[in-house]
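Colleague: Return a 3D structure for these sequence lines:
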Amino acid sequence: QVRLVQSGGGLVQAGGSLRLSCAASGHTFRRYAMGWFRQAPGKERELVAAIRKSGLSTSYADSVKGRFTISRDNAKNTVYVQMNSLKPEDTAVYYCAADDADGPITRASLYRYWGQGTQVTVSS
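Modeller: Sure thing, here's the model as predicted:
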């Protein structure tokens, strides 16, 4: 069992930046692939970014490429997503996710463990 606790988020103007953090419990963090997903009202949950256990491979949604960066610090059991050049369409509840299975890290269905969600609102 992994518990994920998110922090960060809030209200920012378009063009601004935010960093979300997700801290995992336990001592096996390095065995988990980690992902960030988001869900806007009336829309399905979608991938933002994901990072493999090794940290050497990352994936991004086309809509955030070049603006968002996912990273992990295994010593701190934490995964981050740095979000720059934010747009109003980035407004959503953001969730981090974790799983130790091998598979397509871009799919929400891979992940068994989820954070509590945090609201990101970008004003125009």
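Colleague: Does the closest residue in space to Gly8 that isn't next to it in sequence have any beta-bridge partners, and if so which?
Modeller: Counting by Cβ to Cβ, 6 or more residues apart in numbering, Leu20 is the residue found nearest to Gly8 once chain neighbours are left out, at 4.0 Å. In short, each C-beta sits where N, CA and C put it, glycine included. When bridges are called by DSSP bridges, Leu20 pairs up with Val81.
Colleague: show me what contacts Leu20?
Modeller: The contact partners of Leu20, taken as Cβ atoms under 8 Å, 6 or more residues apart in numbering, are 6-9, 36, 80-81, 83, 94, 96, 118, 120.
Colleague: so where do the helices sit in this structure?
Modeller: Ranges of helices within the chain: none, based on DSSP state H.
Colleague: so the most centrally placed residue in the chain bridges to which residues?
Modeller: By Cα atoms, centre = their mean, the chain has its centre lying nearest to Trp36, at 2.1 Å. For Trp36, the beta-bridge partners are Ala49, Cys96 (DSSP bridges).
Colleague: For it, which residues are in contact?
Modeller: With Cβ under 8 Å, 6+ apart, Trp36 has these contacts: 20, 22, 47-50, 70, 79, 81, 94-97.
Colleague: can I get the residues you listed in JSON lines with pLDDT?
Modeller: Shown next, in JSON lines, are the contacts of Trp36 (pLDDT from 0 to 100):
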{"residue": "Leu20", "pLDDT": "98"}
{"residue": "Cys22", "pLDDT": "98"}
{"residue": "Leu47", "pLDDT": "97"}
{"residue": "Val48", "pLDDT": "98"}
{"residue": "Ala49", "pLDDT": "98"}
{"residue": "Ala50", "pLDDT": "97"}
{"residue": "Ile70", "pLDDT": "98"}
{"residue": "Val79", "pLDDT": "97"}
{"residue": "Val81", "pLDDT": "98"}
{"residue": "Tyr94", "pLDDT": "98"}
{"residue": "Tyr95", "pLDDT": "98"}
{"residue": "Cys96", "pLDDT": "98"}
{"residue": "Ala97", "pLDDT": "97"}
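Colleague: which of those has the most neighbours?
Modeller: For the contacts of Trp36, neighbours were counted using other Cβ atoms under 10 Å, and Val79 has the most, 31 neighbours in all.
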